[in-house]
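1. Sequence first, then the predicted structure:
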Amino acid sequence: MTLDRLQSAVVRVCMDRQASEEDLSLLGDRRRWMLYREMVRTRLAGLAGNALPRTKSLLGPAFARCVDDWLDGSPPRSPYFREVASEFALFLSEALHRAPEVPRHAADLATLEGALWEVSWARVRHEAASPVPFDFERPPLVSFASRLVTLGFAVHEKEEPAREGRFNVIAFRRPETHAVGTWTVNDTAADIFDEWTLGRGTAADGVRRVCEARGIGRDQKFFEGLAEVVGGLMERGILLGSRGSPGAGGPGHEPP
């Protein structure tokens, strides 16, 4: 028996909706492998429920069936356990969009909780030089522990039934306390956040691109609103400041 064949059989026994007798026979000691299968699936289901508690509560028994669908059709691929829940959240959100029998806001709730899970464990890497005070003429440094999601239901408000609309929600983790939260911004602020996350040039460059794309005039009222956005981002630890090298490019998000 080759190692590849053995590994494939182990994955199928643990992840398939039903373990095949052929694979169990190949591995030997059926009782032990069925116990191992139960342990693996219980651990993964527990992780999914811990990461998406409100979604689990909303779906009820259907949540367990979704976990089975995930393990059977799109099992975990990441070697990092913390990332497995993010894979499930993405799978679940896409699956719920196609499931007419579930509440309409269920997919958005899975999306939001997936983002909150990601920022809860994301590490923030600064460049070799510490961030400098924010300056529009320098590249912005956006915390990796932040994610922007656009929702069709206000699931971030934690009220039932969730009201329908368009909501740009930034999930973030405060650097000083590690508390996770959300902040709702308008479309223009969301676009600026996206631009600054990409880190294409200076902060002023990103604002200019957003204004040109949206046909927004940069008058006194606009700059007053922009100052509030910058203050809100910095207060929450979403915007860490500016990069130390003027004109330096590169994304504001660093890999975990």
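-> Yes, it's here.

2. Could you check how many residues crowd around Ser74?
-> Residues lying near Ser74 (other C-beta atoms under 10 Å) number 15. The C-beta positions use only the backbone N, C-alpha and C, and glycine is treated the same way.

3. Identify the spatial nearest neighbour of it, chain neighbours not counted.
-> The spatial neighbour of Ser74 that comes closest, neighbours along the chain excluded (C-beta to C-beta, 6 or more residues apart in numbering), is Phe91 at 5.3 Å.

4. Could you count how many residues lie near the one you found?
-> For Phe91, using other C-beta under 10 Å, the count is 22.

5. Could you tell me whether it really is in a helix?
-> Yes. If the criterion is DSSP: H, G, I helix; E, B strand; the rest coil, then Phe91 is within a helix.

6. you'd agree it is up against Trp70?
-> Yes. Counting by C-beta atoms under 8 Å, Phe91 does reach Trp70; the two are 4.9 Å apart.

7. Which residues are in contact with Lys158?
-> Arg54 (C-beta atoms under 8 Å, 6 or more residues apart in numbering).

8. any idea of the pLDDT on it?
-> Reported pLDDT at Lys158 in the predicted model: 86.

9. Can you list the buried residues in stretch 60-77?
-> Phe63, Cys66, Val67, Trp70, Leu71, Pro75, Pro76 (16 or more other C-beta atoms under 10 Å).

10. quick one: contacts for the closest residue to Asn168 other than its chain neighbours?
-> With C-beta to C-beta, 6+ apart as the criterion, Asn168 has its nearest non-adjacent residue at 3.8 Å, and that residue is Ala190. Ala190 sits next to Leu148, Thr150, Asn168, Ile170 when contact means C-beta under 8 Å, 6+ apart.

11. State whether Ala190 is indeed within a helix.
-> Yes. Per three-state DSSP, Ala190 lies within a helix segment.

12. ok so, going back, now do the residue nearest to Ser74 against Asp29, distance only.
-> 32 Å (C-beta to C-beta, to the nearest Å).

13. any chance you could map the strands in the stretch 51-200 of the chain?
-> Secondary structure of the stretch 51-200 of the chain by DSSP state E, counting those that start in this stretch: the strands cover 140-142, 146-153, 164-173, 180-185.

14. wait, which of those is closest to Met39?
-> With C-beta to C-beta, the closest approach to Met39 among those belongs to strand 180-185: 29.3 Å.

15. list the buried ones in the closest one?
-> Neighbour count says strand 180-185 has Val180, Gly181, Thr182, Trp183, Val185 buried, by 16+ other C-beta under 10 Å.

16. ok so, going back, so which of the buried residues of stretch 60-77 comes closest to Glu21?
-> For these, the nearest to Glu21 is Leu71 (18.9 Å; C-beta to C-beta).

17. For that closest one, give its distance to Ser120.
-> 23 Å.

18. What of Ala19?
-> Remark: distance between Ala19 and Ser120 (C-beta to C-beta) = 33 Å.

19. Poorly predicted segments of the chain, please.
-> Applying pLDDT under 70 to the chain flags residues 1, 124-129, 245-256.
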